[in-house]
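**Student:** No letters, just coordinates:
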Ligand code: WTA
């Protein structure tokens, strides 16, 4: 057992202490209307039907040219799906529904201010907007198939319009979460080689109209520093004709989209027929090293996968009103606000603001008013809404048939509130486990056919075969009570194609660990390593324990410790920095940062604040640490590596364990005393850790 091996034997002991929850059955009314209610579906997706079982998903799409090879494995692990096929993602999400059902509502936009009316956009109207904006991209900007464009947009319908217009032309969009800082956006512009940035002047959040355009100027500066010129910044206006930002428009570079659109009224742009394997978009995510990973998703495989899983796991029918409260800036929003629901021709809700604005009853008022019947959110939002308004859902007359949770483990107690109060005992719940890299769900129950189990995501989804391996590559049998690394044995159509510009990192991060033969062309030799710890119960249901790499999951958002640490190190006075997770009642985890200063600098509140601000500037508000602790020295091994698990234990008031082998054991007590006294004084003591959480903290951070 080495210090750095992420899953250790001790996990086995905790896993057996975890109490199995009982099953909860879906309501009969749900089952009767479900898209997947015939168990024959399991036969169609049985292992011996792989990979052709996924034809069922691909057949939900309109293809210009049919594919000849379902899965090409000739260059592992760069899998190719539906080879030979051609299609256009925008056509599939817009045109075909606009032809069949032009007046049907595609998007309902709900502005954050409750006094503002919501806006219905029909499929015909969406088609018109997408065509005109595609004309802007092609004819005013000269963009063509294969070019990358960075988007840094808030939750407004102009975002799906922009994405779909790119897709119409085969232009690869890379939407950066609107809450990320300009600097973080700049890194992503440079990494993707985008010459165009598309943004918005401002948007509402927490009742304020935020100035967003200012971030575009920082983004362009950062990209230029990294050698990437940005020719044009397109600025959508939150209120067309009025400019909501203080930032000046740079002459020759910045253009208002509404002014450009005026030149393309009524334009019609033919959708470009794209090969199934052409990239559709990049979605950046955090990993172990500081450089973010641009996950490259395909057109045919991705769209088929999100359409199929939206149909069977989200149970979307065309006449549903579906609301996923995630942000389109994350993969959940791409797959399950935009591409999946629109491909199925349903109505998808886009809500601009925060769930609890102006109060904890807002989501339920929206649901009542719009007749939402499918609801999708994260454990952090559920915990928060439960805290601010446990009795609120009852006050409103809405009825969900189906609800989703995604992004983090959900505590069984929180799950039960979601089920009985939010879902009024009527809604089937799916707890969906997956990742940015995966395109769509990997672990979930099929809602009408497999009972729910609070705290477990369920078995592998149709056609996806997860397995748990120990550190030596031995399969951990289900029901053994032992935890290990969850992997997927087979490729699936939604899997990302590569990390943009970093193919070697793609192979080494996700496939090398359990690859049996690097020359093998057989997919069976290339299990996908997900980077999550998990345990599988006797019934085949998985419980996801969390990341095994140096990633902290804050409110369902992946933050790399290295990214946070490099941001702290941009402060000139900082000598060393270490980021650790601290248990947080609402957000699951929060981040605390420890820094030591270069000689000659004294700790002060101002210094801590400076570090905090640097992190916010480099990454964004979501990464702002709960506390910055300035310490005289970091606890280190004799070889000089920072022992992050020791400081993580201190932040969480957990036993630091044996520190006698450290190079400087005396600093530990010093830091503990200082940090914990402060935390007690600030009434910031986390609740007592569960055994699982204690294990997580104890093994946190490879000692680098
Ligand atoms: C975690 C979000 C428990 C997991 C779609 C994963 C979950 C990371 C669940 C991916 C779930 C996601 N239960 N943990 N249902 N879903 N996770 O890339 O650690 O933002 O590796 O994708 O979130 O986060 P990402």
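**Tutor:** Cool, the structure landed. Note that the coordinates shown come from a computational prediction; the quantities given were computed from them, not determined experimentally.
**Student:** which parts of this structure sit against the ligand?
**Tutor:** Proximity of the chain to the ligand, by CB under 6 Å from any ligand atom, involves residues 285, 330-332, 406-409, 431-436, 457, 531-532, 544, 546-547, 553, 558. (Each C-beta comes from the backbone N, C-alpha and C, glycine too.)
**Student:** quick one: average pLDDT of stretch 375-386?
**Tutor:** Model confidence over stretch 375-386, given as mean pLDDT, is 96.
**Student:** Any chance you could list what contacts that stretch?
**Tutor:** For stretch 375-386, contacts defined as CB atoms under 8 Å, 6 or more residues apart in numbering pick out 314, 322-326, 332, 336, 355-356, 360, 363, 367, 392, 400, 402-411, 414, 417-418, 421-422, 427, 555-556, 585-588.
**Student:** in what helix or strand does residue 385 lie?
**Tutor:** Residue 385 is part of helix 379-388 when elements are defined by DSSP states H and E.
**Student:** Of all the residues in that helix, which ones are buried?
**Tutor:** 379-386 (16 or more other CB atoms under 10 Å).
**Student:** Return the member of these nearest to residue 218.
**Tutor:** Compare each of the buried residues of helix 379-388 with residue 218 using CB to CB and the shortest gap goes to residue 380, at 27.2 Å.
**Student:** Tell me which stretches of the stretch 51-200 of the chain form helices.
**Tutor:** For the stretch 51-200 of the chain, the helices defined by DSSP state H, counting those that start in this stretch occupy 55-58, 89-90, 96-100, 123-135, 158-169, 182-192.
**Student:** longest helix in the protein, by residue count?
**Tutor:** Criterion DSSP state H: the longest helix present in the chain is helix 666-681.
**Student:** Let me see the mean pLDDT of it.
**Tutor:** With pLDDT averaged residue by residue, helix 666-681 scores 95.
**Student:** outside of that helix, which residues touch it?
**Tutor:** In this structure, residues lying in contact with helix 666-681 by CB under 8 Å, 6+ apart are 594, 627, 629, 631-635, 646-647, 650-651, 653, 656, 659, 662, 685.
**Student:** Put the buried members of those into a PyMOL selection.
**Tutor:** Buried residues within the contacts of helix 666-681, by 16+ other CB under 10 Å, are selected in PyMOL with:
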select buried, resi 594+627+629+631+634+635+646+647+650+651+653+656+659+662
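**Student:** Show only the entries of the contacts of helix 666-681 found in strands.
**Tutor:** Taking DSSP state E as the definition of strands, the contacts of helix 666-681 contribute 594, 627, 629.
**Student:** Sticking with residue 297, tell me its helix or strand.
**Tutor:** strand 293-298.
**Student:** What's the first helix or strand after that strand?
**Tutor:** Downstream of strand 293-298, the next assigned helix or strand under DSSP H and E is helix 300-312.
**Student:** Counting by contacts, list what that next one packs against.
**Tutor:** helix 55-58, strand 80-83, helix 340-343 (3 or more CB pairs under 8 Å, 6 or more residues apart in numbering; DSSP states H and E).
**Student:** tell me which residues in stretch 345-362 are buried?
**Tutor:** Of the residues in stretch 345-362, 345-357, 360-362 count as buried by neighbour count, 16+ other CB under 10 Å.
**Student:** Next step: the residues you listed restricted to strands.
**Tutor:** For these, the ones inside strands are 347-351, with DSSP E as the criterion.
**Student:** Just name the closest of those residues to residue 78, please.
**Tutor:** When these are compared for distance to residue 78 (CB to CB), residue 348 wins out at 31.8 Å.
**Student:** now the closest one, nearest residue through space, not along the chain?
**Tutor:** residue 341 (4.2 Å; CB to CB, 6 or more residues apart in numbering).
**Student:** how about residue 29, secondary structure?
**Tutor:** Classification of residue 29 by DSSP: H, G, I helix; E, B strand; the rest coil places it in helix.
**Student:** host element of whatever residue of the stretch 451-600 of the chain ends up closest to the ligand?
**Tutor:** Across the stretch 451-600 of the chain, the shortest distance to the ligand (CB to the nearest ligand atom) belongs to residue 544, at 3.6 Å. Element membership for residue 544 (DSSP H and E) is strand 542-547.
**Student:** Give me the contacts around that strand.
**Tutor:** Residues external to strand 542-547 that are found in contact with it (CB under 8 Å, 6+ apart): 11, 18, 409, 433, 443, 455-460, 466, 483, 486, 531-537, 553, 558, 692, 696.
**Student:** can you redo the ones in strands among the buried residues of stretch 345-362 as TSV with pLDDT?
**Tutor:** Compiled in TSV, these are given as follows (pLDDT from 0 to 100):
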residue	pLDDT
347	98
348	98
349	98
350	98
351	98
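**Student:** What backbone torsions are found at the residue sitting furthest away from the middle of the chain?
**Tutor:** With distances taken from the mean C-alpha point of the chain and given as CA atoms, centre = their mean, the most distant residue is residue 600, at 41.8 Å. For residue 600, the backbone dihedrals are phi 100, psi -10 (criterion: degrees, to the nearest 10).
**Student:** where does the protein have low pLDDT?
**Tutor:** Applying pLDDT under 70 to the predicted model, the residue ranges of the chain that meet it are 1-18, 702-704.
**Student:** Ignoring the adjacent residues along the chain, who's closest to the residue in the stretch 101-250 of the chain positioned nearest to the ligand?
**Tutor:** The stretch 101-250 of the chain approaches the ligand most closely through residue 177 (10.1 Å), counting by CB to the nearest ligand atom. If the residues on either side of it in the chain are set aside, residue 177 comes closest to residue 329, at 3.2 Å by CB to CB, 6+ apart.
**Student:** does that neighbour really touch residue 173, like I thought?
**Tutor:** No. Residue 329 sits out of contact with residue 173 when judged by CB atoms under 8 Å, with a separation of 11.5 Å.
**Student:** just to revisit the earlier point, from the ligand, how far off is the residue nearest to residue 348?
**Tutor:** Separation of residue 341 from the ligand (CB to the nearest ligand atom, to the nearest Å) stands at 16 Å.
**Student:** Could you pull up the contacting residues of that residue?
**Tutor:** Residue 341 sits in contact with 310, 314, 316, 322, 324, 347-348, where contact means CB under 8 Å, 6+ apart.
**Student:** So among these, which ones count as buried?
**Tutor:** For the contacts of residue 341, a burial check counting by 16+ other CB under 10 Å picks out 310, 314, 316, 322, 324, 347-348.
**Student:** Closest one to residue 371 out of those, please.
**Tutor:** Residue 371 lies nearest to residue 347 out of the buried ones among the contacts of residue 341, by CB to CB, at 9.2 Å.
**Student:** That closest one: what's it in contact with?
**Tutor:** Residue 347 is in contact with 104-108, 320-322, 341, counting by CB under 8 Å, 6+ apart.
**Student:** re earlier: export the helices of the stretch 51-200 of the chain to a markdown table and tack on mean neighbour count and distance to residue 621?
**Tutor:** Listed next are the helices of the stretch 51-200 of the chain as a markdown table, based on neighbours: other CB atoms under 10 Å; distance: least, CB to CB, whole Å:
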| stretch | mean neighbour count | distance to residue 621 |
| --- | --- | --- |
| helix 55-58 | 21 | 37 |
| helix 89-90 | 28 | 31 |
| helix 96-100 | 17 | 37 |
| helix 123-135 | 23 | 29 |
| helix 158-169 | 27 | 19 |
| helix 182-192 | 25 | 11 |
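**Student:** Make sure the residue of the stretch 101-250 of the chain closest to the ligand is actually in contact with residue 331.
**Tutor:** No. At 10.4 Å, residue 177 and residue 331 do not qualify as touching, with contact defined as CB under 8 Å.
**Student:** Look at the two and report which has more neighbours.
**Tutor:** The residue with more neighbours, out of residue 177 and residue 331 and counting by other CB atoms under 10 Å, is residue 331; that gives 25 against 21.
**Student:** Give me the nearest residue to the more buried one, chain neighbours excluded.
**Tutor:** Closest to residue 331 by CB to CB, 6+ apart is residue 436, at 4.3 Å.
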